[in-house]
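**Q** With the input below, show me the fold.
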Amino acid sequence: MQIILVPGSASRKSRCLNSKKIFLGIFIFAVALPLAGGIGAYQFSLLQATYQPGPERLRLAYVQTTLEKNQLELDNAGRVVEQQLDTLGQRLGQMQAQMSRLNALGKRLTAMASLEPDEFHFEMEPAMGGPASTSASDQTAADLVAALDALERSIKNKKEELGALETLLMDRELHSSQYPNGRPVQDGWISSGFGYRNDPFNGKRSYHEGVDIAAGAGVPIKSVADGVVTASMVKPGYGVTVEINHGNGYKTRYAHAKTAMVNTGDRVRKGDIVARVGSSGRSTGAHLHFEVLRDGQAVNPRKFLRASL
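**A** Numbers count the residues shown, from 1 in each chain. As a prediction, this is how the structure comes out:
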């Protein structure tokens, strides 16, 4: 079969094509070329399957795998170290806060217990020293965290102990402030003691329930303990008198005063001025009649005086 091509222009000649040649070209493009490509790909896959890399390539692959593994381990180790550093920072911050509280508590205890400041200087590092140990070993971060935990527990226990000691000292200080102790007048001397004596007015033997402290008129009379004023009045025989209840069964009386400086119901602290020395009532001269009563019974005031007058 022939195919005749007729040109559109009259000046051109018509051409005749053989159909066998055309079909052969189509067959080559449609079937032969893809078949040849498939055969080539199959041969390449066979070549790959039978290919064996050399020792150098194997070593290179091993090194690359090892490097990747090491990099992964290094990344993990870095994250662990960061976590441990965060833990150490938190522990350090907690310990610094606890040490600050211990320093403040130690200062208060030093002042309350009247200790030597140089001996208990909580803000200074203690002096330490010694030769280097030959058996010292490297300490890991985990070991350091464990040591910090143990130290933190020790600090917590010590803080609780110091807190208990502070409470004890405060109770003792409170009891001391309420316990009659000290000199009601700073200057003066005991002109008449506690117990039996000859009455200065009639010479008869009588029982003196306090001590007389001779002092200049107008000298301040101070409370020897904290308490509440239960009487501020002129009392027969005693003259101008101030009585203070200190609790725990203790009561003090200040008599023959010139002037009372407090009123009934007033709360006074140890060392507060409650009256001034005078010679009111049954008195031969300016002095303070000082009494200490326990559970309503007069006791010798001498043992409550800080020093002999």
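
**Q** Which secondary structure element is home to the nearest residue in space to residue 238 that is not next to it in sequence?
**A** Closest residue in space to residue 238, ignoring its immediate chain neighbours: residue 255 at 3.9 Å, by Cβ to Cβ, 6 or more residues apart in numbering. In this view, the C-beta of every residue, glycine as well, is placed from N, C-alpha and C. For residue 255, the element it lies in under DSSP states H and E is strand 250-260.

**Q** tell me the mean pLDDT over the following helix or strand past that strand?
**A** Following strand 250-260 in sequence order, the next helix or strand is strand 267-268 (DSSP H and E). Averaged across strand 267-268, pLDDT comes to 94.

**Q** Tell me the bridge partners for the residue nearest to residue 238.
**A** Per DSSP bridges, the residues bridged to residue 255 are residue 289.

**Q** which stretches of the stretch 101-250 of the chain form strands?
**A** 189-192, 195-198, 205-208, 211-214, 220-222, 227-235, 239-247, 250-260 (DSSP state E, counting those that start in this stretch).

**Q** the domain parsing of this structure - what is it?
**A** When the chain is parsed with automatic domain parsing, its domains come out as 2-49, 189-304.

**Q** just these: most buried one?
**A** domain 189-304 (a mean of 17; mean count of other Cβ atoms under 10 Å).

**Q** Ends of that one, what's the gap?
**A** 15 Å (Cα to Cα, to the nearest Å).

**Q** likewise stretch 211-229?
**A** Using Cα to Cα, first and last residues of stretch 211-229 are 20 Å apart.

**Q** so for it, what's the average pLDDT?
**A** The model assigns stretch 211-229 a mean pLDDT of 94.

**Q** again, but for stretch 78-86
**A** 73.

**Q** before we move on, what about stretch 296-309?
**A** 78.

**Q** picking that back up, now the strand holding residue 255 and strand 239-247, what's the angle there?
**A** 150 degrees (axes from the mean of the first three to the mean of the last three Cα atoms, to 10 degrees).

**Q** now for strand 250-260, which elements pack on it?
**A** strand 227-235, strand 239-247, strand 273-277, strand 287-294 (3 or more Cβ pairs under 8 Å, 6 or more residues apart in numbering; DSSP states H and E).

**Q** Can you tell me which of those is nearest to residue 196?
**A** Across these, residue 196 has its closest neighbour in strand 287-294 (15.6 Å, Cβ to Cβ).

**Q** Now do the closest one: everything it contacts.
**A** 180, 184-185, 188, 191, 209-215, 221, 238, 249-257, 277, 279, 283, 298-301, 304 (Cβ atoms under 8 Å, 6 or more residues apart in numbering).

**Q** Between strand 273-277 and that strand, find me the angle.
**A** 140 degrees.

**Q** C-terminal to strand 287-294, what's the next element?
**A** Remark: after strand 287-294, the chain's next helix or strand is strand 297-299, criterion DSSP H and E.

**Q** ok, residues contacting that following strand?
**A** Against strand 297-299 from outside (Cβ under 8 Å, 6+ apart): 194, 209, 210, 291, 292, 293.

**Q** Recalculate using a threshold of 7 Å.
**A** 209, 210, 291, 292 (Cβ atoms under 7 Å, 6 or more residues apart in numbering).

**Q** in its sheet, what does it sit against?
**A** By DSSP bridges, strand 297-299 pairs with strand 287-294 (antiparallel).

**Q** on that earlier part again, rebuild the helices and strands packed on strand 250-260 as JSON lines, extending it with distance to residue 205.
**A** Below are the helices and strands packed on strand 250-260 laid out as JSON lines (distance: least, Cβ to Cβ, whole Å):
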{"stretch": "strand 227-235", "distance to residue 205": "23"}
{"stretch": "strand 239-247", "distance to residue 205": "23"}
{"stretch": "strand 273-277", "distance to residue 205": "27"}
{"stretch": "strand 287-294", "distance to residue 205": "18"}
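
**Q** and residue 79, which of these is closest to it?
**A** strand 239-247 (64.4 Å).

**Q** I'd like the strands of the stretch 101-250 of the chain as JSON lines, with distance to residue 156 appended.
**A** JSON lines is the format used below for the strands of the stretch 101-250 of the chain (distance: least, Cβ to Cβ, whole Å):
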{"stretch": "strand 189-192", "distance to residue 156": "53"}
{"stretch": "strand 195-198", "distance to residue 156": "56"}
{"stretch": "strand 205-208", "distance to residue 156": "57"}
{"stretch": "strand 211-214", "distance to residue 156": "52"}
{"stretch": "strand 220-222", "distance to residue 156": "44"}
{"stretch": "strand 227-235", "distance to residue 156": "39"}
{"stretch": "strand 239-247", "distance to residue 156": "36"}
{"stretch": "strand 250-260", "distance to residue 156": "40"}
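
**Q** Thanks again, I'm all set now.
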